[in-house]
Every structure is written in C-alpha cells, then in structure tokens.
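**Student:** give me the fold of what follows.
(2 chains)
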Amino acid sequence: MGEARKELIGWFCSYTPVELIRALGLTPLRLLPPPGKTPRADAYFTGNLCPYVKAILETALAGEFPAPAGILFVASCNAMIHLSNIWRSLKLTPRVWILDVPRRADSLAVNYWARRLKELGGELSASFSRPLEEEALWRALEEESHGPRQDGSRGERGRERNGLSPGRKTSRPRLLLVGSVLPDVLRDMVEEAGMSVVYEDACNGGRLVGERNVTGAGERSGGDPYLYLAQRYLYKPPCPRMVADRDRRRIYLREVVKTYEVQGAVYHAMKFCDLAMVDFTLVKDELEGMGIPVLKLEGDYAGGNRGQWATRLEALREML
Amino acid sequence: MTVTAGLDLGSLSTKAAIVREGQLISFAVLPTGRGGAPVAERALEEALARAGLERSEVRSIVATGYGRISVPFAHRRVTEITCHARGVYHLWPDTATVIDIGGQDSKVIRLGPGGKVMDFVMNEKCAAGTGRFLEVMARALEVDIEEMGELSLKARRGAAISNTCTVFAESEVVSLLAEGRPVEEIIRGLHEAVAERVASMAERVGWQEPVAMTGGVAKNLGVVRSLEERLATSLRLPEEPQIMGALGAALLAAET
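**Tutor:** The predicted structure follows:
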C-alpha cells in the first residue's frame, strides 16, 4: 500500500473507538472503498461473503487507499474477522490490531470492554512509543461529542448526510432506510421514486453519528475514561450484530419512527449477510406492528438491479 | 361514456386492455420482442380495433410492467404490483392474496380492505420460479410451452429437480432425459420446483385465503395444481390471467 503515513490509522466499523486513536495524537481515517467488482479479492474469499468486506480488500490490493500506519479492526462479524486475518497475512499495513466487542450492552459487558479498551490503548501507545494520557482521552471524548467530526473521513461519519434532521418537512412519503453501509444509489432511487429519506439507520448513517440521547448513554463514570468510552459505544444505537441487545434495538427503532415521523421503510440487506437476515425479521415485525410497511431489497455493495429496485420502490410509494 | 386503456409491457408479452364504464370490453396480447413504444402502440391499436373504437375516444392511458417507462403516450405509470392487485380486486373484491407469475418475475401480493396492497414479495435476481424458467426447460425438452401443463397432469409423480437455478436445472433435465425418465414426469418435477419457490414467497408475505393467480403461467394447469397442492388451497383463475395487469392499469386510468 505504498509508504506508510504515520499519523493515519484506518478503521471500518462503527464500534471503532476513534477517541483512543485521537488521544495519541494520531488521525483516525475511515476507509470506505468505492463500489465496483472485486476480482482480486474474490481469490481470497468464498463467493457468498460480505460484498463490503470484499470491496475493502479489493481496494487495498489495488493500492487505492491512502497509506495508513495501521488498521484497527473490530471483530464485528465473521466476515470482518476473515478480512483482518487476510490483511495480517498479506501485510497490507505495517500494523494490525483487532478489537473484540461484546454483543450486548450491560454492566458486565461495559466492564469487560473497558478493560479491553485500556489494553488496546496500551498496545497502541507502545506501538508508537508515545504515552496515552487520560486527560487527552477525555479531551478526545469531548471533541467527538461536540461539533463536527474531524477525522478526515470525507464526511462519512454521517452528520452531514441528508435526511438526519427530525424537523425536515416534506410533502412526500417519509422513509426510513435500514442497512449496514447503504449504497448512495439507493438514496437517489428513493428520491427518484417520489419519496424522501428522513433517517438512515446504517453504519454510515444514524448508527455512526450516534444519536446517543435516544438510548441514554451513561455520563462520566467514576472518572474512568475507559468505562465512559465503553458505555458510549455499547449504548449507541445498536447495530444488528448486537444480537443479545435486541430489545434495545426495538426501542431505538420505535423512537426513530416517532421522532422522524416515518411512514415507510426500506431494508437494504447486503447479499449473504446473516446478521441482516436476522435483523430484518426484527425490523419488519417491529415496524409493521406500528403500521409501517417495510420493503426488503437485496443488493451488493455497489447497489442492486436498478430496474427491479425501481419497481419495488415505486410499488412501496403506491402503497403509501 | 368513458373509455380508458391499460398497457402492460412485460418481458415476454405486451398486453393492452380497454375498459368502458368500468368493464373490460377488449384486449390484445403481443410478443414484446424488442419492446418499447412501437409494440405498445400496436397492442393498443389492436385492442381498440377489436372494440371498434378510435384512439381519440380513449380518455386516459396507464402503462405498467417493466417497460412502462418507454411508453411516451401514457398519461401515468403505475407498477405491476398495484395493477395486478387492482385487476383482481375488480373480479373478486374479497381476494386476500394474489400470486402473479410472469415471464421475468413472480410476485405474491397481500391485499387489504378495498384491494389496497398491504405487502408484496418479488423474486430477486434469478429466474427460478418464473415463466422464463419454464420456457428454457420447454426448449430443453423439445416440447411446446403451451403443452407443458397438460403433459405434466399425465404423470403420476414428478421427477426430483434439485436445482432452482435455470442454467443448472437445464443440465439436470438433460441428465434425466438421458436416464430415460418420461418427459411428463420431468415436467411435473419442474412445475413442483416452481410451486415450491413461489409457495415460499407466499409464506414470507403471510398469505391468506382466498388466493387468485394471474400472469401467463396461470394458464399452465400443471403449475396451478402443484401450487394448490403445496398451499393446500384452491386458486381463483381469471379467464384471461395474462391481462390482469393491463386490466388493473385501465381501471386505474378511469380513476385518474
């Protein structure tokens, strides 16, 4: 991947504690691959593996990512774990870390993860031979809470994406998009079909921005920034991977529907994502219980079949 | 006297329906071929000629189907989901579920009060469970697609077809022929494979009785029987199942 630039640490998952990276004076950078075919990556993965993960490896193998000093992986799903193993074996960056994340949010999980975060902080600190001051971590936490994110990720932290304002007025049907990394083409097609996206429950949308008030994250706990950091991420809007936290996901979805006056939803499931398959049943059940129709679209990271998607989206609009 | 028209541009055939005062008075079905406005125009003219009407007498036209965007003279475009629902509601207002198997896709639509679409499921990228699947198999078996229904009813059991992928299923059919399995049994096996696929879509949408079936494949009694067995219900079959989308479109044109 060319010459490594010391200050950049790449990341992929919304559970990446970017504050730890920032507290060390390093720059977290979300590496979002462009859509496209993945001929090189296909040599390393089975056919039915996550297309997002394949697109990441493809872009790395093509040398098209900015050269980071290291990658902080999160063990968010099996596909991401496979990617981290291949990344390490191909030595795509000088350093690779992988961080475990609990699949639930409670005091046991928070305590466990706070310890793990502290260990990771130690590993990062040793790797760059620079101390990780607790005060610097508190400052990074403050910076991430207020004001626009400045992580050099081309705005993908989601705050600026359209549709995230509860007050957005529109005469068109108000739509919630649900998925992992939502393809841009989907938002465009929703608008072309005569509907408006009012909220994106996605890891490049609302789940990344962290509407933390929705679920009530803990405040500074006992002066331990690692505990606070653990609480902050584990209590953010839950991702489908938080399989032991499904009740909180239901509550979060109900509040999103209410806050954003949602009238219909589109669930974008990336092909072969088991977590999405399971999550879809929860979302459908919860939203239909509130009288909100849910359309499921399957696609890959680049989007889907435009003709088929257009028909389904227009039919949803006609239903609304 | 209000005359409206519906045009359904499917992947294999293009249908036109003419409605006067809420009643179907004429229709035409043409092969889509390269599709687009010319075939839609011809279907419309043919249906109008059968009804003895002039184009100027048509108040409104609604286009539906995959080619709906390529009909410049349509006043409105509506998806085939809404149109099939509307067409079936016109025939049997108490229908709760519509199964439509067309050339390129199959869909199951759940209807609510007033014929409103409550939910729907369509096949995804592949051709399994569609008319195209049967068309490819008919070619491999060297039988006329229109004979398939009758032939399959002669079989006492169906050959097991394990592939739903059209390409692999075609190779499987060739192997079964080489083994000497009767064509009737193979066709019945194919119909059962289509029924299995569509029934799982029906389960996903939470189907309820009464169920109506539309689309060209509804003319194939073999598929109809297999589906009835699989769902353990009897299906309502319109006299002309292929034109239900066009009929719904013409009815919606009258409501504009």
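**Student:** okay but residue B:153 is in contact with residue B:220, surely?
**Tutor:** No. If you go by C-beta atoms under 8 Å, residue B:153 and residue B:220 don't touch, sitting 10.1 Å apart. (C-beta placed from N, C-alpha, C; glycine too.)
**Student:** between those two, who's got more neighbours?
**Tutor:** Higher neighbour count among residue B:153 and residue B:220: residue B:220, with 25 against 14, using other C-beta atoms under 10 Å in any protein chain shown.
**Student:** what ranges do the strands span in chain A?
**Tutor:** With strands called from DSSP state E, chain A shows them at A:5-11, A:27-30, A:68-74, A:95-99, A:174-179, A:196-201, A:264-270, A:294-299.
**Student:** and the ones you listed: which comes nearest chain B?
**Tutor:** The closest of the strands of chain A to chain B is strand A:294-299. By C-beta to the nearest C-beta, the value is 5.4 Å.
**Student:** what helices or strands is that closest one leaning on?
**Tutor:** Strand A:294-299 is packed against strand A:264-270, helix A:274-289, helix A:306-319, with contacts defined by 3 or more C-beta pairs under 8 Å, 6 or more residues apart in numbering or on different chains; DSSP states H and E.
**Student:** nearest to chain B, out of these?
**Tutor:** Proximity to chain B (C-beta to the nearest C-beta) singles out helix A:306-319 among the helices and strands packed on strand A:294-299, at 3.9 Å.
**Student:** work out which residue lies at the spatial centre of chain B.
**Tutor:** The structure's chain B has its C-alpha centroid closest to residue B:215; by C-alpha atoms, centre = their mean the separation is 1.4 Å.
**Student:** where's the closest residue to chain A within the stretch 151-256 of chain B relative to residue B:244, distance?
**Tutor:** Minimum separation of the stretch 151-256 of chain B from chain A (C-beta to the nearest C-beta) falls at residue B:204, amounting to 9.1 Å. As judged by C-beta to C-beta, to the nearest Å, residue B:204 and residue B:244 stand 22 Å apart.
**Student:** write out the residues of chain B neighbouring chain A.
**Tutor:** Within chain B, the positions near chain A by C-beta under 8 Å from any C-beta of the partner chain are B:66, B:77-82, B:105, B:116-120, B:122, B:124-125.
**Student:** neighbour-wise, which of those residues leads?
**Tutor:** residue B:80 (31 neighbours).
**Student:** okay, that residue: pLDDT?
**Tutor:** pLDDT, residue B:80: 93.
**Student:** now mean pLDDT and distance to residue A:257 too, for the strands of chain A, in TSV please.
**Tutor:** Below are these laid out as TSV (pLDDT from 0 to 100; distance: least, C-beta to C-beta, whole Å):
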stretch	mean pLDDT	distance to residue A:257
strand A:5-11	79	30
strand A:27-30	88	28
strand A:68-74	93	28
strand A:95-99	95	32
strand A:174-179	92	7
strand A:196-201	88	9
strand A:264-270	94	8
strand A:294-299	91	11
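**Student:** now residue A:253. Nearest residue, chain neighbours left out?
**Tutor:** Closest residue to residue A:253 apart from its sequence neighbours, by C-beta to C-beta, 6 or more residues apart in numbering or on different chains: residue A:286 at 5.2 Å.
**Student:** show me what contacts the one you found?
**Tutor:** Contacts for residue A:286 (C-beta atoms under 8 Å, 6 or more residues apart in numbering or on different chains) come out as A:250, A:253-254.
**Student:** go ahead and confirm the residue of the stretch 151-256 of chain B closest to chain A touches residue B:121.
**Tutor:** Yes. At 5.0 Å, residue B:204 and residue B:121 qualify as touching, with contact defined as C-beta under 8 Å.
**Student:** report the central residue of chain A.
**Tutor:** Note: chain A centre (C-alpha atoms, centre = their mean) maps to residue A:203, 2.5 Å.
**Student:** tell me who's in contact with it.
**Tutor:** Contacts for residue A:203 (C-beta under 8 Å, 6+ apart) come out as A:13-14, A:180-181, A:239.
**Student:** distance of it from residue A:276?
**Tutor:** From residue A:203 to residue A:276 the distance is 12 Å (C-beta to C-beta).
**Student:** overlap in contacts of those two?
**Tutor:** Counting by C-beta under 8 Å, 6+ apart, the residues touching both residue A:203 and residue A:276 are residue A:180.
**Student:** over to stretch A:240-252 now: how far is its first residue from its last?
**Tutor:** 12 Å (C-alpha to C-alpha, to the nearest Å).
**Student:** pull out the buried positions in it.
**Tutor:** In terms of neighbour count (16 or more other C-beta atoms under 10 Å in any protein chain shown), stretch A:240-252 has its buried residues at A:240-242, A:245-246, A:248-250, A:252.
**Student:** can you add distance to chain B and pLDDT and give those back as a markdown table?
**Tutor:** A markdown table is the format used below for these (distance: C-beta to the nearest C-beta, whole Å; pLDDT from 0 to 100):
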| residue | distance to chain B | pLDDT |
| --- | --- | --- |
| A:240 | 19 | 91 |
| A:241 | 24 | 89 |
| A:242 | 25 | 88 |
| A:245 | 26 | 87 |
| A:246 | 21 | 89 |
| A:248 | 26 | 90 |
| A:249 | 21 | 92 |
| A:250 | 20 | 94 |
| A:252 | 23 | 91 |
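**Student:** out of the residues you listed, the closest to residue B:30 would be?
**Tutor:** residue A:240 (46.6 Å; C-beta to C-beta).
**Student:** residue contacts, that closest one?
**Tutor:** Residue A:240 neighbours (C-beta under 8 Å, 6+ apart): A:180, A:249, A:275-276, A:278-279.
**Student:** write a ChimeraX command that selects only the buried members of these.
**Tutor:** Buried residues within those, by 16+ other C-beta under 10 Å, are selected in ChimeraX with:
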select /A:180,249,275,276,279
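**Student:** okay if I get the contacts of residue A:240 as JSON lines plus distance to residue B:18?
**Tutor:** Conversion of the contacts of residue A:240 to JSON lines gives the following (distance: C-beta to C-beta, whole Å):
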{"residue": "A:180", "distance to residue B:18": "48"}
{"residue": "A:249", "distance to residue B:18": "51"}
{"residue": "A:275", "distance to residue B:18": "50"}
{"residue": "A:276", "distance to residue B:18": "45"}
{"residue": "A:278", "distance to residue B:18": "48"}
{"residue": "A:279", "distance to residue B:18": "47"}
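**Student:** where do the helices sit along the stretch 101-250 of chain A?
**Tutor:** Secondary structure of the stretch 101-250 of chain A (DSSP state H, counting those that start in this stretch): helices located at A:107-128, A:134-145, A:184-192, A:206-209, A:212-215, A:225-234, A:246-259.
**Student:** is it correct that residue A:7 is in contact with residue A:67?
**Tutor:** No. Using C-beta under 8 Å, residue A:7 and residue A:67 do not qualify as a contacting pair, with a distance of 11.0 Å.
**Student:** between those two, what contacts are shared?
**Tutor:** The overlap between the contact sets of residue A:7 and residue A:67 (C-beta under 8 Å, 6+ apart) is empty.
**Student:** residues near residue B:237, how many?
**Tutor:** If we define neighbours as other C-beta under 10 Å, then residue B:237 has 14 of them.
**Student:** got the contact list for it?
**Tutor:** Residue B:237 makes contact with B:212-213, B:218, B:224, according to C-beta under 8 Å, 6+ apart.
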